[in-house]
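Enquirer: Sequence and predicted structure are below.
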Amino acid sequence: MAARGKQFTAALAQVDRAKFYQPAEAVDMVKGAAFAKFDETVEIAVRLGVDPRHADQVVRGTVVLPHGTGKSVRVLVIAQGDKVREAEAAGADFVGTEYVQKIKDGWLDCDVIVATPDVMAQLGQLGRVLGPRGLMPNPKAGTVTMDVTKAVQEIKAGKIEFRVDKTGNVHAPVGKVSFGAPQLVENITAFMDTIVRAKPAAAKGTYIKSATVSSTMGPGVRLDLAEYR
């Protein structure tokens, strides 16, 4: 633990805590400060000027990151009939309505669940299991759909879902430390542009209060928000 503390302190010393960095500079700082022995995830945290207790100020949505997250995503499609073959052809890892019972029995080896509208009644009883884990299919996230081909392909290509938490923050992965700097910058830009477009009409005052980029173990680097205001 002491070694990790020293490494973090050394990484922190590279970052000017009072400075706001352009995305390209921020990415260079994050990559340079990453010290873990594994390929760390690069994450973004955005603080929003919204009150999520009000339904009309909840910020949520999806974005397809141009270069994906660097993580292979296991997709389960719960569907029947022709949609089973369609999902398999699109590259889904697991397909079929039998997974409803498997989930009841404790199976949860997937990262995203897509379902067709006609099977959602079967999934209703799994709300207590899937809801807290963020796995419940949702029409707004594009995971309740008859177009399972598009849904699976987008998720595999790097589509992520985001939602503001109780404290007004949105967190999302935007790649890996091993990514090239331009790839990370493009992913961050795509994410920030989507957050800007998702601004609720009811939000008053400054919408984007701060944005910080960091690696899993590294210190946060604050983004210059001039172009997002």
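Expert: Now that the structure is in, tell me what you want to look at.

Enquirer: which is the next helix or strand following whichever helix in the chain runs longest?
Expert: Ranked by residue count, the top helix of the chain under DSSP state H comes out as helix 181-197. The helix or strand immediately downstream of helix 181-197 is strand 208-215, counting by DSSP states H and E.

Enquirer: Return the list of helices and strands in contact with whichever helix or strand comes after that next one.
Expert: The helix or strand immediately downstream of strand 208-215 is strand 221-222, counting by DSSP H and E. Counting contacts by 3 or more C-beta pairs under 8 Å, 6 or more residues apart in numbering; DSSP states H and E, strand 221-222 packs against helix 23-33, strand 208-215. For glycine as for every other residue, the C-beta is placed from the backbone atoms N, C-alpha and C.

Enquirer: Can you add distance to Ala45 and mean pLDDT and give the ones you listed back as CSV?
Expert: Shown next, in CSV, are those (distance: least, C-beta to C-beta, whole Å; pLDDT from 0 to 100):
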stretch, distance to Ala45, mean pLDDT
helix 23-33, 12, 91
strand 208-215, 5, 95
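
Enquirer: Could I get these in JSON lines, plus columns for mean neighbour count?
Expert: Below are the helices and strands packed on strand 221-222 laid out as JSON lines (neighbours: other C-beta atoms under 10 Å):
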{"stretch": "helix 23-33", "mean neighbour count": "21"}
{"stretch": "strand 208-215", "mean neighbour count": "20"}
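
Enquirer: on that earlier part again, counting by contacts, list what the longest helix of the chain packs against.
Expert: Using 3+ C-beta pairs under 8 Å, 6+ apart, helix 181-197 sits against helix 23-33, strand 41-48, strand 60-64, strand 159-163, strand 169-176, strand 208-215.

Enquirer: circling back: how about the helices and strands packed on strand 221-222, which one is nearest Glu40?
Expert: With C-beta to C-beta, the closest approach to Glu40 among those belongs to strand 208-215: 3.9 Å.

Enquirer: can you list contacts of that closest one?
Expert: With C-beta atoms under 8 Å, 6 or more residues apart in numbering as the test, strand 208-215 has contacts from 23, 26-27, 30-31, 33-34, 36, 40-49, 168, 174, 177, 188, 192, 195-196, 220-223, 225, 228-229.

Enquirer: what lines up beside that strand in the sheet?
Expert: Partners of strand 208-215 in the sheet, by DSSP bridges, are strand 41-48 (antiparallel), strand 221-222 (antiparallel).

Enquirer: Comparing those by mean pLDDT, which bottoms out?
Expert: For the strands paired with strand 208-215, mean pLDDT drops lowest on strand 221-222, to a mean of 93.

Enquirer: now Trp55: how far from Ala202?
Expert: Small correction: residue 55 is Ala, not Trp. Distance from Ala55 to Ala202, counting by C-beta to C-beta, to the nearest Å: 9 Å.

Enquirer: Neighbour count for these two, which is higher?
Expert: Counted by other C-beta atoms under 10 Å, Ala55 and Ala202 do not tie: Ala202 has more neighbours, with 12 against 8.

Enquirer: my read: that one touches Val58, true?
Expert: No. Counting by C-beta atoms under 8 Å, Ala202 sits too far from Val58 to count as a contact (9.7 Å).

Enquirer: May I see the buried residues of stretch 53-65?
Expert: 57, 59, 61-63, 65 (16 or more other C-beta atoms under 10 Å).
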